[in-house]
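Student: Pasting a predicted model and its sequence here:
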Amino acid sequence: MANADAFIGLIVTGLMLLAVIATFTLSSSLLANWKIHYLTAGGSFYEKLHPATYFTLLAFVLLLLRSRGPVGEIDRMFSEAKLLLAHLACWLLLLIQVFVLERPFTVIIDTFLLPILIALVLWQLSAAQRRPLVRAIHLTILLNVVLGYYEYFSGHRLIPLTLGDVVVTGEWRSAALLGHPLTASGVVGAYVLALVLRPAICPPLLLRLPLIAFCLGSLMAFGGRTSLVTVLAVIALIGAFEAFRLMRGRPTRLPAAILAICVLFAAGAVIFAALSLGIFDKMLLRFSSDKGSALARFATFDLLSHFDWHELILGPNPVRVNALQAQLGLNFGIENFWISSIAQFGLIHTGLLTVGLICFFVELLRRSSRAAWAIVLLIVVIAASSVSFSSKNIQLAQFIFLIALLLPHEQRRTATPLRPTARVNYQYVPA
């Protein structure tokens, strides 16, 4: 049995390695370019699920075949993570509504079920089994960063940017293999926060600082304002907190202080040179001229005013929603997760889904280091300002991979108590 469990663990590790690679390289745009009908109309059922979903689902099924048996494995998994049951209950209610209203159900599988399966599988793996997955995350994200710089400076897009059946032209923002500029910005932004807040990911300081600067600069190429501002705000808060601690008398090593001053001056010189050369002018112009993005967000809040209470509670007719989106100029989607969910599923199921996601993130944070809070903050900001998880995508699964693999809970080493030394009674014998 032990040998069989070890063999299953090896296969599961390989499947999850493929899932990591697929999650960060096989975007919906790439699948559409390969004539796979993942988001587009037509095609078979098996085309409607992302390859990472198949790899993760197969890994989960294999875990159930270990020596304890399916019932014993499921009981052990959920007895250690009871809050996930609340999320699954909310997901099942949403699935019932989707079937009753005869709407596509693959949307809620990739978006909301896949992250749960990823977390359950990763939590069963040992540190040695997760090590190749961590390396795969580093390699795939750095590959996307390099390709993002290439697309930005060359003006050549590797994969055509598509939104459903529509090919978007005239877009300067890079997307690399992640398929969309906002998705790429969110993933790279979360990766930067992980590097900043948990130095153990890349211990050598002389390697970590250039890596952070290299990835942070790519956010200008990907063009995601929300991710860029959120990441810079978190880094600024951390810097201010550390400066306050230094002023309060926190001891610091002289080489570290000298290195920090040198890095600040070097960063200032690089930023000044980049601004003088106009390298990131396109990104800076997005803060002054956003091409109607702000108006689209105002129109998003105005959308709900066109529905009556019955439609808001149970979910309006999709045909009417699409017509109102076109009328209000929301052709690229409703840029708010909760408003878009209300427009798709209604207030009741949006509330249940929100409660389920809160339970999921509470369990995830319980198993992660404190640095995961910053990434959860980034997730909430992205959800409130973009289409994000309200459409069919694997963006939430990407964040779960980042948190579960790069920011696991730090195991505190407890010192072994010293054994009490046996007392020796010395008796004075007079000479």
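Tutor: Cool, the structure landed.
Student: remind me which residues of the stretch 201-350 of the chain are low pLDDT?
Tutor: Within the stretch 201-350 of the chain, the set of residues satisfying pLDDT under 70 comprises 252, 254, 256-257, 260, 265, 271-272, 274-298, 329-332.
Student: where along it do the helices fall?
Tutor: With DSSP state H, counting those that start in this stretch as the definition, the stretch 201-350 of the chain shows helices at residue ranges 205-222, 225-247, 254-277, 281-288, 293-303, 309-314, 318-328, 337-345, 347-366.
Student: I'd like the ones you listed as TSV, with mean neighbour count appended.
Tutor: Bear in mind the C-beta positions are built from the backbone N, C-alpha and C, glycine included. Shown next, in TSV, are the helices of the stretch 201-350 of the chain (neighbours: other Cβ atoms under 10 Å):
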stretch	mean neighbour count
helix 205-222	18
helix 225-247	15
helix 254-277	11
helix 281-288	12
helix 293-303	15
helix 309-314	13
helix 318-328	14
helix 337-345	23
helix 347-366	19
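Student: Tell me which of the ones you listed sits nearest to Lys392.
Tutor: Closest to Lys392 of the helices of the stretch 201-350 of the chain is helix 337-345 (Cβ to Cβ; 11.0 Å).
Student: outside of the closest one, which residues touch it?
Tutor: Residues outside helix 337-345 that contact it (Cβ atoms under 8 Å, 6 or more residues apart in numbering): 94, 97, 300-301, 303-304, 307, 312, 315-316, 318, 321, 333-334, 349-350, 353-354, 383-384, 386-391.
Student: got the angle between that helix and helix 318-328?
Tutor: Going by axes from the mean of the first three to the mean of the last three Cα atoms, to 10 degrees, helix 337-345 is angled at 140 degrees with respect to helix 318-328.
Student: Distance from the chain centre to helix 337-345, please.
Tutor: 20 Å (Cα atoms, centre = their mean, to the nearest Å).
Student: Next, the angle helix 347-366 makes with that helix.
Tutor: Helix 337-345 and helix 347-366 are oriented at 140 degrees to each other (the same axes, to 10 degrees).
Student: Can I get helix 337-345 in PDB? Just the C-alpha atoms.
Tutor: The C-alpha trace of helix 337-345 is given here as PDB (Å, rounded to 0.1, in the frame of the first residue of the first chain):
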ATOM      1  CA  PHE A 337     -17.400  41.300 -10.300                       C
ATOM      2  CA  TRP A 338     -20.400  41.800  -8.000                       C
ATOM      3  CA  ILE A 339     -22.500  43.900 -10.400                       C
ATOM      4  CA  SER A 340     -21.800  41.400 -13.200                       C
ATOM      5  CA  SER A 341     -22.700  38.500 -10.900                       C
ATOM      6  CA  ILE A 342     -26.000  40.200 -10.000                       C
ATOM      7  CA  ALA A 343     -26.700  40.700 -13.700                       C
ATOM      8  CA  GLN A 344     -26.000  37.000 -14.400                       C
ATOM      9  CA  PHE A 345     -27.200  35.100 -11.300                       C
END
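Student: how close does Asp5 get to Gly69?
Tutor: Look at Asp5 and Gly69: by Cβ to Cβ, to the nearest Å, they are 12 Å apart.
Student: brain fart, Ile348
Tutor: According to Cβ to Cβ, Ile348 and Gly69 sit 37 Å apart.
Student: Scan this structure for its longest helix.
Tutor: Looking across the chain with DSSP state H, the single longest helix is helix 127-154.
Student: Please identify the buried residues of that helix?
Tutor: Neighbour-count burial for helix 127-154 flags 129-130, 133-134, 136-138, 140-142, 144-145, 147-152 (criterion: 16 or more other Cβ atoms under 10 Å).
Student: going on from the host helix or strand of Ala374, what's the next piece of helix or strand?
Tutor: Using DSSP states H and E, the element containing Ala374 is helix 372-385. The first helix or strand that comes after helix 372-385 along the chain, using DSSP H and E, is helix 395-406.
Student: mean confidence for that next one?
Tutor: Confidence for helix 395-406, expressed as mean pLDDT, is 95.
Student: what does stretch 179-196 give?
Tutor: Stretch 179-196 comes out with an average pLDDT of 93.
Student: Distance check, Phe214 against His409.
Tutor: 28 Å.
Student: Same question for Leu93.
Tutor: The spacing between Leu93 and His409, counted by Cβ to Cβ, is 31 Å.
Student: The two - which one has more neighbours?
Tutor: Leu93 (16 against 12; other Cβ atoms under 10 Å).
Student: Correct me if wrong: the more buried one contacts Thr350.
Tutor: No. In this structure, Leu93 is not within contact of Thr350 by Cβ atoms under 8 Å, at 11.6 Å.
Student: that older thread, mind listing residues that contact the helix holding Ala374?
Tutor: Outside helix 372-385, the residues touching it (Cβ under 8 Å, 6+ apart) are 182, 186, 189-190, 193-194, 197, 226-227, 230-231, 234, 297, 335-338, 361, 364-365, 388-389, 395-396, 399, 402-403, 407.
Student: Is Leu113 in contact with Trp91, as I believe?
Tutor: Yes. Using Cβ under 8 Å, Leu113 makes contact with Trp91 at a distance of 6.2 Å.
Student: just the helices in the stretch 1-150 of the chain please.
Tutor: 2-25, 28-33, 51-64, 69-79, 83-100, 106-108, 114-122, 127-154.
Student: Show me the least confident stretch of these, going by mean pLDDT.
Tutor: Among the helices of the stretch 1-150 of the chain, helix 106-108 scores lowest, at a mean of 83.
Student: Which residues does that helix contact?
Tutor: Phe45, Lys48, Leu49, Trp91, Leu94, Leu95, Val98, Ser391, Lys392.
Student: re earlier: would you mind pulling up the elements that whichever helix or strand comes after the longest helix of the chain packs against?
Tutor: Going down the chain from helix 127-154, the next helix or strand is strand 162-163, by DSSP H and E. Under the contact criterion of 3 or more Cβ pairs under 8 Å, 6 or more residues apart in numbering; DSSP states H and E, strand 162-163 touches helix 28-33.
Student: let's see 6 Å
Tutor: Applying 3 or more Cβ pairs under 6 Å, 6 or more residues apart in numbering; DSSP states H and E, we find strand 162-163 packed against no helix or strand.
Student: Start the count at 56 instead of 1 going forward.
Tutor: OK, 56 is where the count begins now, so the last one is strand 217-218.
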